[in-house]
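Novice: for reference, the sequence and a predicted model appear below.
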Amino acid sequence: MHKASAVKWLKVVAYVGIYGGLLMPAFFWPVVIFPFVYSKLSFFQFLIGLTFPAYLALAWAEPKYRPRFSILYLAIGAYFLALAASVVFSVDPLRAWWGNQERMNGLFTLLHFFAWLTMAVGMIRTWPQWRRLLNYEIGISVFMAVVALLQKPFPKLLLFQAGDRVGGLLDNPIYMAAYQIFNMFFIALLWLKGPNSRMAKLWYVFALLIDVGAFIVAQSRGALVGLGAGILVFLVAYAIMTSSRKARVTSIGIIAICLVSYGILFAARNTEFVRNSPLERFTNLSVSTRTRFIAWDIAWQGFVERPITGWGLDTFHILFNDKYNPESLHYGYYETWFDRSHNTIMDVLSMTGLFGFVTYVALFIALFTSVIRAYRKKWIDAPVASVLIGLPVGYFVQNVFVFDHPAMFSMSYLLFAFVIAIGSPQFASEAIADDSAKTVSGRNIPWVAFGVLQVVMILLVWKTTVLPFRASMMTIQSNNAFAAGQLDQAYRYAVQAADISTPYDDEQTFLQTRNVITVMGSGQLQKLPVWREWHDLIVRVTEKHIASHPRNAHPHFIFARFTESMASLVPEDAAIAEREYLEAIALSPKRQQLLFGLSRFYVGQGRLDEAKTLLEQVVSDDDALGEGHWLLGLHLFFDRKDFENGAKELVKAVSVDYPYVPKDAREAMALTYAYDALGDVEGLKSIIDLLPTLPPGDSGTYVEIAKAMERQGLIEQRNMILNALARLDATITTRLAPLISGDVSTIQEALLQTEGIAEPSPSQATPTQAVATTSGPGPRAQ
């Protein structure tokens, strides 16, 4: 092959990697776990892994395609050295290197973005080349926006049901809004840079309207703050740099219009128009931020403890578990398993330490320095410079409220590549380099080295991308078969998944464990011929995962739950369950969920004193949490028959600052017992208001509640419950006939007289107050 033809072929492959890489956010293949993240990054890894060797061969033979000197490129390289140091000294090096399927933020994935950046800065250097690439990116953003907008009339368009806020092919609305910030600024750059034909201007207007629409329906307040900050800085920068007095006045006027417009919108935030539209989220700034502050405080504690290289890339979950604040549970269990601080700056500090933070800040300093230098050299004009100052500010500000994600990596590295490109006089050239130009280095294409490297990369891609992707596919097929009731098939898929080498086995262990616990709870597992093999498979996979990530409390907890559930069939699992609970607690000493689980296990083992000690620890750690008092009260009242102290804890549970709310009629019955034991008449009356808000329970439960009312002399409340129950369960009228007729005065006497008649049926009754009552000696017959 002639040298010119070989160069042209290698360039085509490299361009496939560059242009194809920008398709990553739009790629979606719902056959794996976390398809909105994992399928995208698998595609990206596959693409870059197969195209980067061609670029390296090209850069070797043609020096003009090598990245030229740039302080921004050097700053990015220094940042990657900091990331590498955080991996080497990480508390979980494997997690820091590989990441997980939900985030895919390990260094292995990030290196693919660095490879993409290297190809882009080496291959795309002039404005015409960049205009073509940015127009291509805008086209992708419009497609992404259209999909998101279609989710409003068609909420089942994608894999999951869309809510009020939509994220399109990124699933998460926050991700969609952040992605569109970049594209709105890219549209502004293309418009301002010009020259643009009439069709080009129409295209930019159309694209901007569609992208803004997707931004609005995403309803992300953090992204709005970022966008506002970016626009404000852009206008201020433009007003300072432009030599046109008219443009300066226009910029100041736009700033004023934006501020006044938002002020009017904010003033009208309580109007029906605003409250019933997506604009409501942009005006309602009174969001609950306490959980974020807790996470930020933990991130700071982690930085102070490991200030140089941090805890390791993508290991915030280990830090969060170690420094867990019991207050987190005040806001629900969802807020207790953070794997990010939801603030990129705090993430960088805690996970990569001072080395990472300094290089991260230096990256932005280098970016702004490069833009200002290019402007002073007149390689870019004031409008472009203003855009390239405003966009990074918007990106940085919105990152205060969220963490980086794959779509943001795609956009930020596109921005970095563009800023590196403007740092050369070649950028201002209107000519695109001739693809057939002969080499000036005299080097030949290193075909042997290229062939070896390509084979190595193919094998690496197979091992690190294709096989893990297949394992994820088998796991999700197992999960789908389980959901369809095909347990034999679910097991076979699980075996196939376990036999495939993958660094991403965390979700595999979680899904299999959850499914088998569900079957065990239904009493159907032992009917499955391969139940023991399935059990042993889960044990093997989970122990392998824990061995690789010993400091992660979550898999220890899941394994403890699994072995606790299986102990009745596999007695030796009881010892494993206790061991894993204790391991998890050692890694997260104040996490209530772990202490609750171990206390439940101890109760099942008859070790009541140890159970009590754990529950008392929860109450001691956070006296304001109702759930701790509730579970301690249940334990004292029912397990230990300490009725007085148990009743006090149950009543306290529903009256503390973060009260426990009974979830069903049986829990309402437990609270009723507590009020009855303490003679709390007003508390018993409150049960009448509580019952209609709960899921239905069986008739016997409501009869017990009515008995408690009766014991405390609340005859009218007793009758309200029984009258309502009689409408739903005909046997009640028969069983309570002596009470209805007035022959007896208590429920228990009536039940004793009618003993032998069918017990109250377990109908799903929900007594309400909307039933006629009487204050007579017994409920009125209906």
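Specialist: Arrived safely, thanks for sending.
Novice: what residue of the chain is the furthest out?
Specialist: Computed with Cα atoms, centre = their mean, the residue of the chain farthest from its C-alpha average is D743, at 62.2 Å.
Novice: ok, now which ones touch it?
Specialist: If you count contacts by Cβ atoms under 8 Å, 6 or more residues apart in numbering, D743 has them with Q753. Placement of C-beta: from N, CA and C, glycine included.
Novice: check which helix or strand covers it.
Specialist: Element membership for D743, per DSSP states H and E: none, as it lies in no helix or strand.
Novice: go on, P555?
Specialist: Here P555, judged by DSSP H and E, is contained in helix 553-566.
Novice: I'd like the next helix or strand past that helix.
Specialist: Taking DSSP H and E, what comes next after helix 553-566 is helix 573-587.
Novice: could you give me the buried positions within that next one?
Specialist: By neighbour count with 16 or more other Cβ atoms under 10 Å, helix 573-587 contains the buried residues 573-574, 576-578, 580-581, 583-585, 587.
Novice: which one of the residues you listed is nearest V400?
Specialist: Nearest to V400 among the buried residues of helix 573-587, counting by Cβ to Cβ, is L587 at 29.0 Å.
Novice: quick one, phi/psi of H535?
Specialist: Backbone geometry at H535, expressed as degrees, to the nearest 10, gives phi -60, psi -50.
Novice: the closest residue to S655 other than its chain neighbours: neighbouring residues, count only.
Specialist: Using Cβ to Cβ, 6 or more residues apart in numbering and skipping the chain neighbours, the partner closest in space to S655 is G626 (7.9 Å). Using other Cβ atoms under 10 Å, G626 has 21 other residues around it.
Novice: distance of G626 from D642?
Specialist: 19 Å (Cβ to Cβ, to the nearest Å).
Novice: quick one, the helix holding P555 and helix 573-587 angle?
Specialist: 160 degrees (axes from the mean of the first three to the mean of the last three Cα atoms, to 10 degrees).
Novice: which parts of helix 553-566 are buried?
Specialist: Buried-residue list, helix 553-566, by 16+ other Cβ under 10 Å: 553-566.
Novice: can you check stretch 688-697 too?
Specialist: 688, 690-691, 694, 696-697.
Novice: can you lay out these as CSV showing pLDDT, distance to A724 and secondary structure?
Specialist: Listed next are the buried residues of stretch 688-697 as CSV, based on pLDDT from 0 to 100; distance: Cβ to Cβ, whole Å; DSSP: H, G, I helix; E, B strand; the rest coil:
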residue, pLDDT, distance to A724, secondary structure
I688, 95, 10, helix
L690, 95, 14, helix
L691, 94, 9, helix
L694, 94, 13, coil
P696, 86, 11, coil
G697, 88, 12, strand
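Novice: look up how far D657 lies from F185.
Specialist: For F185 relative to D657 (Cβ to Cβ), the value is 45 Å.
Novice: before we move on, what about E507?
Specialist: Separation of E507 from D657 (Cβ to Cβ): 36 Å.
Novice: tell me which of F185 and D657 has more neighbours.
Specialist: Set side by side, F185 and D657 show more neighbours around F185, with 23 against 10, by other Cβ under 10 Å.
Novice: my guess is the more buried one meets L391, correct?
Specialist: Yes. F185 lies in contact with L391 (Cβ atoms under 8 Å); the separation is 4.2 Å.
Novice: joint contacts of the two?
Specialist: Each of 230, 234 lies in contact with both F185 and L391 under the rule Cβ under 8 Å, 6+ apart.
Novice: kindly check the end-to-end length of stretch 517-525 for me.
Specialist: Stretch 517-525 has an end-to-end distance of 9 Å (Cα to Cα, to the nearest Å).
Novice: buried stuff in that stretch?
Specialist: Neighbour counts over stretch 517-525 (16+ other Cβ under 10 Å) mark 517, 519-520, 525 as buried.
Novice: try stretch 153-162
Specialist: 157-158, 162.
Novice: what sits up against that stretch?
Specialist: 28, 30, 35-36, 147, 150-152, 163, 168-169, 171.
Novice: possible to save those residues as CSV with secondary structure, neighbour count and pLDDT?
Specialist: Formatted as CSV, the contacts of stretch 153-162 follow (DSSP: H, G, I helix; E, B strand; the rest coil; neighbours: other Cβ atoms under 10 Å; pLDDT from 0 to 100):
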residue, secondary structure, neighbour count, pLDDT
F28, coil, 17, 96
P30, coil, 11, 95
P35, helix, 22, 96
F36, helix, 23, 96
V147, helix, 21, 97
L150, helix, 15, 96
Q151, coil, 22, 96
K152, coil, 14, 94
G163, coil, 11, 86
G168, helix, 30, 96
L169, helix, 23, 96
D171, coil, 19, 93
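Novice: residue contacts, the closest residue in space to Y660 that isn't next to it in sequence?
Specialist: Among residues not flanking Y660 along the chain, G626 sits closest, at 3.3 Å (Cβ to Cβ, 6+ apart). Residues near G626 by Cβ under 8 Å, 6+ apart: 652-656, 658-661.
Novice: hmm, try it at 6 Å
Specialist: Under the criterion of Cβ atoms under 6 Å, 6 or more residues apart in numbering, the neighbours of G626 are 653, 656, 658-660.
Novice: quick one, which of these are buried?
Specialist: Once neighbours are counted (16+ other Cβ under 10 Å), the buried part of the contacts of G626 comes down to 653, 656, 660.
Novice: closest to V225 out of those residues?
Specialist: V656 (34.6 Å).
Novice: which SSE is that closest one in?
Specialist: Following DSSP H and E, one finds V656 outside all helices and strands.
Novice: my read is that it contacts D622, right?
Specialist: No. Contact between V656 and D622 fails when scored by Cβ atoms under 6 Å: they sit 9.5 Å apart.
Novice: next, the buried residues of stretch 618-636.
Specialist: Of the residues in stretch 618-636, those buried (16+ other Cβ under 10 Å) are 618-619, 621-622, 625-636.
Novice: grab the nearest non-local neighbour of I687.
Specialist: Using Cβ to Cβ, 6+ apart, the nearest residue to I687 is T672, at 5.3 Å.
Novice: just A115 next, same as before
Specialist: Going by Cβ to Cβ, 6+ apart, A115 has F52 as its nearest residue, at 4.8 Å.
Novice: neighbours around the one you found, how many?
Specialist: Number of residues near F52 (other Cβ under 10 Å) recorded here: 21.
Novice: which strand or helix spans it?
Specialist: Per DSSP H and E: F52 is located in helix 40-61.
Novice: got the CA coordinates for that helix in PDB?
Specialist: The C-alpha trace of helix 40-61 is given here as PDB (Å, rounded to 0.1, in the frame of the first residue of the first chain):
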ATOM      1  CA  LYS A  40     -22.900   3.700  26.400                       C
ATOM      2  CA  LEU A  41     -19.500   3.400  28.000                       C
ATOM      3  CA  SER A  42     -19.100  -0.200  26.700                       C
ATOM      4  CA  PHE A  43     -19.700   1.200  23.200                       C
ATOM      5  CA  PHE A  44     -17.200   4.000  23.800                       C
ATOM      6  CA  GLN A  45     -14.500   1.700  25.200                       C
ATOM      7  CA  PHE A  46     -15.000  -0.700  22.300                       C
ATOM      8  CA  LEU A  47     -14.800   2.100  19.700                       C
ATOM      9  CA  ILE A  48     -11.700   3.900  21.200                       C
ATOM     10  CA  GLY A  49     -10.000   0.600  21.900                       C
ATOM     11  CA  LEU A  50     -10.200  -0.400  18.200                       C
ATOM     12  CA  THR A  51      -9.500   3.000  16.600                       C
ATOM     13  CA  PHE A  52      -6.700   4.400  18.800                       C
ATOM     14  CA  PRO A  53      -4.000   2.100  17.500                       C
ATOM     15  CA  ALA A  54      -4.600   3.500  14.000                       C
ATOM     16  CA  TYR A  55      -4.100   7.000  15.300                       C
ATOM     17  CA  LEU A  56      -0.900   6.100  17.100                       C
ATOM     18  CA  ALA A  57       0.500   4.600  13.900                       C
ATOM     19  CA  LEU A  58      -0.500   7.700  12.000                       C
ATOM     20  CA  ALA A  59       1.100  10.000  14.600                       C
ATOM     21  CA  TRP A  60       4.300   8.000  14.500                       C
ATOM     22  CA  ALA A  61       4.600   8.400  10.700                       C
END
